[in-house]
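Trainee: Sequence and predicted model, in that order:
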Amino acid sequence: MKTLKQLKIEILKDGIIDADEVKEIESVIYDDGEIDKEEADFLFELNDAVSGKSNHKSWEVLFIKAITSFVLDDDVSKGEIDEDEASYLFDKINGDGKIDAIEMKLLIHLKSSVNSFPKLLNDLL
């Protein structure tokens, strides 16, 4: 199986993410059944690199699903966004200096998925 680094290099050759690449990304990141920080970082890096381009619509679906899983399916604060997760998301979303459409949809999805949405993230909406 390809490493995240190898996959990133291959995907970014043409600067967009197509349907086959989304399937490959999903296969690699869900290989062990869960999304870890390295995989979440990888997804944010890919998203920053292809933001605003003609990516396949399944990219947005996978990105939101995987990042939501990373944040809400953890053992520390299952179903909630704790302070560390809020800081992580804030840093990743602001990392490239702009909030793109997919990141905004992620924030809206997360807000609708939890009982208490951190002010730090709410201020981005």
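Mentor: Structure received.
Trainee: buried sites along the helix or strand of the chain with the lowest mean pLDDT?
Mentor: Across the helices and strands of the chain, mean pLDDT, DSSP states H and E gives its lowest value to helix 4-12, namely a mean of 91. Neighbour-count burial for helix 4-12, with 16 or more other Cβ atoms under 10 Å as criterion, is recorded at Leu4, Leu7, Ile11. For glycine as for every other residue, the C-beta is placed from the backbone atoms N, C-alpha and C.
Trainee: Stretch 99-110 too?
Mentor: For stretch 99-110, by 16+ other Cβ under 10 Å, it's Ile102, Glu103, Leu106, Leu107, Leu110.
Trainee: how near is Tyr88 to Glu45?
Mentor: 14 Å (Cβ to Cβ, to the nearest Å).
Trainee: So these two - more neighbours on which side?
Mentor: Tyr88 (19 against 16; other Cβ atoms under 10 Å).
Trainee: Mind giving me the packing neighbours of the helix or strand hosting that one?
Mentor: Assigned by DSSP states H and E, Tyr88 falls within helix 83-94. If contacts are counted by 3 or more Cβ pairs under 8 Å, 6 or more residues apart in numbering; DSSP states H and E, helix 83-94 sits against helix 37-50, helix 57-72, helix 101-113, helix 119-122.
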